[in-house]
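Engineer: Fold the stuff below for me.
(one chain, ligands or ions: 1)
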Amino acid sequence: MRATNLRRVRAQWETTLALLKPDLLADAARVRAVEQEIGQQFRVQERRQIAWTRAQAEAFYAEHQGRPFFGRLVGYMTSGPFVALALAGPQAVSQWRKTMGGTRPVQMRVRNPASLRARFGLTDTRNSFHGSDSAETARRELAFLFGDSKIGRNWEHASPQAGNLPPSSRDTC
Ligand SMILES: Nc1ncnc2c1ncn2[C@@H]1O[C@H](COP(=O)(O)OP(=O)(O)OP(=O)(O)O)[C@@H](O)[C@H]1O
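Structural biologist: Residues are numbered from 1 along each chain as shown. Just a heads-up that it's a prediction; the model follows:
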């Protein structure tokens with residue numbers, strides 16, 4: 001690769017947060033298959049299996065508070081363990097969103113059948129995956145989930161909003 005192209009690729013290199021949600025974690029073979037696919041597309045910088053308290057799930061999804069599905073979402077995300085991954089690669093934020101597909105699995109089965117949500121998702125709530133929606137959101141969410149690791153502290157320092165997260169959420173994730 002020529003030096004200018006290499007510089008361009010490096011400039012677009014990002015890290016994003018992916019969650020493999022509790023419905024997927026219930027099936028170890030599916031988790032293995034999904035992680036193998038992910039490994040072909042991204043560099044996995046961090047991996048952690050987590051079980052949230054209600055307060056942690058509510059803090060992570062605070063932007064959805066008051067929406068009709070909020071209670072269902074929090075119940076789902078506290079129903080069992082999930083896996084958090086820090087995925088790195090060129091334009092990782094948008095690439096992971098593309099790989100995962102849109103929110104609604106049934107709609108994705110028609111519009112984007114190759115997407116992960118089309119193949120593994122169950123319902124609009126139990127849609128098996130999460131992906132940060134922007135580079136700024138990724139920094140905040142990575143700090144939330146990995147703030148106690150070396151790499152997580154770097155994201156935390158890069159994010160002006162990370163300091164607003166409740167300390168308990170970071171300590172016990
Ligand atoms: N209309 C809905 N009905 C039920 N659950 C929903 C609905 N919209 C969103 N959710 C749940 O809330 C999560 C967060 O909603 P958001 O709108 O941020 O979706 P997303 O950007 O597709 O997914 P995510 O943020 O998890 O990557 C969704 O992934 C899904 O689990």
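
Engineer: drop to CA atoms for contacts and neighbour counts, all remaining ones
Structural biologist: Fine.

Engineer: Report the buried residues of the longest helix belonging to the chain.
Structural biologist: Assignment by DSSP state H gives helix 28-41 as the longest helix of the chain. For helix 28-41, burial by neighbour count (16 or more other Cα atoms under 10 Å) applies to Val31, Ile38, Gln41.

Engineer: so what's the first one up against?
Structural biologist: Under the criterion of Cα atoms under 8 Å, 6 or more residues apart in numbering, the contact list for Val31 reads Leu20, Leu24, Leu25.

Engineer: which one among those gets closest to the ligand?
Structural biologist: Distance ranking of the contacts of Val31 against the ligand, using Cα to the nearest ligand atom, places Leu20 first at 9.8 Å.

Engineer: Leu85: helix or strand, and which one exactly?
Structural biologist: Using DSSP states H and E, Leu85 maps to strand 82-90.

Engineer: Residues contacting the next helix or strand after that strand, please?
Structural biologist: Under the assignment DSSP H and E, the closest C-terminal helix or strand after strand 82-90 is helix 92-100. Helix 92-100 is touched from outside by 13-18, 42, 115-117, 129-135, 138, with contacts defined as Cα under 8 Å, 6+ apart.

Engineer: on that earlier part again, which strands and helices sit next to the following helix or strand past the longest helix of the chain?
Structural biologist: Once helix 28-41 ends, the next helix or strand along the chain (criterion: DSSP H and E) is strand 43-50. With contacts taken as 3 or more Cα pairs under 8 Å, 6 or more residues apart in numbering; DSSP states H and E, strand 43-50 sits against strand 82-90.

Engineer: Compute the inter-axis angle for the strand it packs on and strand 43-50.
Structural biologist: Regarding strand 82-90 and strand 43-50, their directions subtend 170 degrees when assessed with axes from the mean of the first three to the mean of the last three Cα atoms, to 10 degrees.

Engineer: any idea of the angle strand 82-90 forms with helix 28-41?
Structural biologist: 20 degrees.

Engineer: Adjacent strands (with direction) for strand 82-90?
Structural biologist: Within its sheet, strand 82-90 is paired with strand 13-20 (antiparallel), strand 43-50 (antiparallel), according to DSSP bridges.

Engineer: Tabulate those in JSON lines, adding columns for distance to the ligand.
Structural biologist: Below are the strands paired with strand 82-90 laid out as JSON lines (distance: least, Cα to the nearest ligand atom, whole Å):
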{"stretch": "strand 13-20", "distance to the ligand": "8"}
{"stretch": "strand 43-50", "distance to the ligand": "16"}
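
Engineer: which one of those has the most crowded surroundings?
Structural biologist: With neighbours taken as mean count of other Cα atoms under 10 Å, the strands paired with strand 82-90 reach their highest mean count in strand 13-20, at a mean of 22.
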